[in-house]
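Chemist: Kindly generate the corresponding structure for this input.
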Amino acid sequence: MNHVLEKYLTQQPTMRGVIDKFFRQMFDNTCQALESLDGKKFSEQSWNRDRKGLWTVGKSSEDAIYIDRVLHNGNVLEKVGVNYVAIDGELPPGMSFEKSGALATGAADKMTTSKGNRFFATGSSFVIHPHNPMAPTAHVNYRYFEIRNANQPVYWWFGGGADLTPAYLFEEDAVHFHQVHKDVCDQYSSAYYPRFKNACDEYFYIPHRGEHRGVGGIFFDNLNHDNPEKLLSLVTNCADAFLPAYMPILETRKDMSFTEENKYWQHLVRGRYVEFILSCDRGIRFGLASGMVKQQSVFNCMPPAANWEYDDQPIPGSKEAMLKEVLRSPRNWL
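Modeler: Numbering: from 1, shown residues only. So this is what the prediction gives:
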């Protein structure tokens, strides 16, 4: 076991207990903020697993290990897909976290066993698709994993981040979103924001299109190379930064005028979003490959409607063309 983590666990409440409680609170607080803005409530479905590993409908969300929420066709938000998870389980024999896609390449050699990996995973994830095409789609997800042996963590890491996917680019929105996250990161190290910003640009990239999914934000994976208490504080404060980073943008854009052409372009951008989820996203691969996530829950992040058009090149000089150029070559917004 990491000796710093061992010291932390003997002197403090367990990492998993602290971070799981935080993620559940983040889940509830973010849902409440979105409901307050939209005026419509989320619907909820909770799940547990029986002794055979089969999913069963949870009797109480307080006891559930997986909770889905969805807000569909609201007043401001066309769809919001949300989930919270806290699972103590085992991967199928022969499957490592690296093979399942849950972990960045090269980090899983310390944890592979022939019997499958015993693990604990907790986290919360939001994907927000507004009605108005002038308001950007937003994604936020933070998570914690432990690989366990005899009920003790032998390897652990944090992952996650937050990013924006606009259909129409307002530079001040991108600047605000990045600045809020940079301000948090800089409290811990001036190296964190540029590192996480670059990782976000690299991860949310669609290679078959030669385009990035959006204007970025922050992203990290396999984050464990520092004092656990410091990293716990960093991750929780980054997660808390999402609402002040995104909600003012949504408030500003939600009532702007738009045309049917604008809405159609939004659907084309959403098509790219779907392509990334299906072809590139490691979390989706883990959910499908491990069987540890309800299959319908895996795709709760999908947009409510998307379009594809052959050779969908926008008119040169248009706002749509300006967005495409930014997606090909990410900017330093600050």
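
Chemist: Can you give me every residue that contacts the residue nearest to residue 178 when sequence neighbours are not counted?
Modeler: Of all residues not flanking residue 178 in the chain, residue 333 sits nearest, at 4.5 Å (C-beta to C-beta, 6 or more residues apart in numbering). Any C-beta I mention is one placed from the backbone N, CA and C, and that applies to glycine too. The neighbourhood of residue 333, defined by C-beta atoms under 8 Å, 6 or more residues apart in numbering, consists of 171, 174, 175, 178, 179, 215, 216.

Chemist: will you turn the residues you listed into TSV that also has neighbour count?
Modeler: Formatted as TSV, the contacts of residue 333 follow (neighbours: other C-beta atoms under 10 Å):
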residue	neighbour count
171	12
174	22
175	14
178	24
179	13
215	27
216	30
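
Chemist: Can you give me the neighbour number for residue 329?
Modeler: 9 (other C-beta atoms under 10 Å).

Chemist: Please read the previous query as pertaining to residue 270.
Modeler: Count around residue 270 with other C-beta under 10 Å applied: 23.

Chemist: I figured it hits residue 130, correct?
Modeler: No: checked against C-beta atoms under 8 Å, the pair residue 270 and residue 130 is beyond contact range at 11.2 Å.

Chemist: what's the overlap in contacts for the two?
Modeler: Common neighbours of residue 270 and residue 130 (C-beta under 8 Å, 6+ apart) are residue 137.

Chemist: quick one: residue 192 from residue 322, how far?
Modeler: 30 Å (C-beta to C-beta, to the nearest Å).

Chemist: And the two? Which one has more around it.
Modeler: residue 192 (21 against 14).

Chemist: in the stretch 51-200 of the chain, which spans are strands?
Modeler: 55-57, 66-72, 77-90, 118-130, 137-149, 152-165 (DSSP state E, counting those that start in this stretch).

Chemist: Can I get the ones you listed in JSON lines including mean neighbour count?
Modeler: Below are the strands of the stretch 51-200 of the chain laid out as JSON lines (neighbours: other C-beta under 10 Å):
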{"stretch": "strand 55-57", "mean neighbour count": "13"}
{"stretch": "strand 66-72", "mean neighbour count": "19"}
{"stretch": "strand 77-90", "mean neighbour count": "21"}
{"stretch": "strand 118-130", "mean neighbour count": "23"}
{"stretch": "strand 137-149", "mean neighbour count": "22"}
{"stretch": "strand 152-165", "mean neighbour count": "22"}
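
Chemist: now those strands in TSV, with distance to residue 23 and mean pLDDT?
Modeler: Putting the strands of the stretch 51-200 of the chain into TSV (distance: least, C-beta to C-beta, whole Å; pLDDT from 0 to 100) gives the following:
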stretch	distance to residue 23	mean pLDDT
strand 55-57	20	55
strand 66-72	11	90
strand 77-90	6	88
strand 118-130	4	90
strand 137-149	7	89
strand 152-165	10	89
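
Chemist: Output those in JSON lines, with distance to residue 266 appended to each entry.
Modeler: Formatted as JSON lines, these follow (distance: least, C-beta to C-beta, whole Å):
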{"stretch": "strand 55-57", "distance to residue 266": "34"}
{"stretch": "strand 66-72", "distance to residue 266": "17"}
{"stretch": "strand 77-90", "distance to residue 266": "9"}
{"stretch": "strand 118-130", "distance to residue 266": "9"}
{"stretch": "strand 137-149", "distance to residue 266": "9"}
{"stretch": "strand 152-165", "distance to residue 266": "10"}
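
Chemist: Out of those, which is closest to residue 235?
Modeler: Residue 235 lies closest to strand 152-165 among these, at 5.0 Å (C-beta to C-beta).

Chemist: other SSEs contacting the closest one?
Modeler: Under the contact criterion of 3 or more C-beta pairs under 8 Å, 6 or more residues apart in numbering; DSSP states H and E, strand 152-165 touches helix 3-11, helix 15-38, strand 137-149, helix 171-186, helix 192-203, strand 216-223, helix 228-240, helix 242-253.
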